[in-house]
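**Q** model this:
(one chain, ligands or ions: 1)
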Amino acid sequence: MKILVSYATSEGHTRKIARWIADRIYDQGHSVELLSLVDKKDIDLGRFDGAILASSVHVGHYQPEVAEFAGEHATRLAQMPTLFLSVSLSAAGHDADDWRGLERILDDFTDATNWTPDRVVQVAGAYMPSEYGVLSRFVMRRIIAGQDPEADLDADHDYTDWEALGSELDSWLAQAEA
Ligand SMILES: Cc1cc2nc3c(=O)[nH]c(=O)nc-3n(C[C@H](O)[C@H](O)[C@H](O)COP(=O)(O)O)c2cc1C
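**A** Model (predicted):
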């Protein structure tokens, strides 16, 4: 199969996830194209047998480039196997309100784009103080201190469960191939 892995990111963690996913797809004998949705010019989805879209959550919304891309290609995306990776720090915790927030963010996204992915995986993202400006650093320190009392607030920390992500991907690929 030929799979598109598209993504948008602010601090780079979703790019790391998209690259990792692309390598794993390639290692399983498929062909893969990695696309930053900032450079999405003239992509023809007809070239692909399946599409993965990955976006981080920032201030209660997915990256605008992802919503724009999904909205523009909603009809074609609905005709092919699709996987949406929602990357956030809410998914790193167990707070019921935070998880309800993720559901609402996803509902807003599907309403706005008219695209409902075949499968959605909520992926725990990363805390990256080395990449934040002054305001984000202040806000994110408070959020992480509440969510992970053991965390070193000055150090970057990757909360992604890579093994679980790999299993979700493999399961989606098997279904897409069937
Ligand atoms: C300014 C800012 C706002 C954020 N807003 C949210 C949010 O509303 N909900 C959430 O769960 N995570 C939020 N996060 C956490 C990011 O989703 C998480 O750090 C993710 O790994 C970022 O991925 P990226 O580097 O690909 O952008 C926010 C992070 C920053 C820096």
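
**Q** need the contact list for residue 34.
**A** By C-beta atoms under 8 Å, 6 or more residues apart in numbering, residue 34 lies in contact with 5-7, 18-19, 22. Every C-beta, even on glycine, is put in place using the N, C-alpha and C of the backbone.

**Q** rerun that using 10 Å as the cut-off
**A** Residue 34 sits next to 3-7, 15, 18-19, 21-23, 25-26, 52 when contact means C-beta atoms under 10 Å, 6 or more residues apart in numbering.

**Q** which of these count as buried?
**A** For the contacts of residue 34, a burial check counting by 16 or more other C-beta atoms under 10 Å picks out 3-7, 15, 18, 21-22, 25, 52.

**Q** can you give me phi and psi for residue 137?
**A** phi -60, psi -40 (degrees, to the nearest 10).

**Q** can you show me the strands along the chain?
**A** 2-8, 31-36, 50-58, 61-62, 82-88, 119-124, 126-127, 157-158 (DSSP state E).

**Q** got JSON lines for those, with distance to the ligand and mean pLDDT too?
**A** As requested, the strands of the chain are arranged in JSON lines below (distance: least, C-beta to the nearest ligand atom, whole Å; pLDDT from 0 to 100):
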{"stretch": "strand 2-8", "distance to the ligand": "8", "mean pLDDT": "98"}
{"stretch": "strand 31-36", "distance to the ligand": "11", "mean pLDDT": "97"}
{"stretch": "strand 50-58", "distance to the ligand": "3", "mean pLDDT": "98"}
{"stretch": "strand 61-62", "distance to the ligand": "8", "mean pLDDT": "98"}
{"stretch": "strand 82-88", "distance to the ligand": "3", "mean pLDDT": "98"}
{"stretch": "strand 119-124", "distance to the ligand": "8", "mean pLDDT": "98"}
{"stretch": "strand 126-127", "distance to the ligand": "4", "mean pLDDT": "97"}
{"stretch": "strand 157-158", "distance to the ligand": "9", "mean pLDDT": "96"}
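
**Q** of these, which is nearest residue 135?
**A** Nearest to residue 135, of all the strands of the chain, is strand 50-58, at 12.5 Å by C-beta to C-beta.

**Q** and that closest one, how far from the chain's centre?
**A** For strand 50-58, the separation from the chain centroid amounts to 4 Å (computed by C-alpha atoms, centre = their mean, to the nearest Å).

**Q** try stretch 108-127
**A** 7 Å.

**Q** how far does it stretch from start to finish?
**A** One end of stretch 108-127 sits 24 Å from the other (C-alpha to C-alpha, to the nearest Å).

**Q** and it, what's buried?
**A** Quick answer for stretch 108-127 (16+ other C-beta under 10 Å): 109, 113, 115-127.

**Q** got it, and stretch 165-177?
**A** In stretch 165-177, counting by 16+ other C-beta under 10 Å, buried: 165, 168-169, 172-173, 176.
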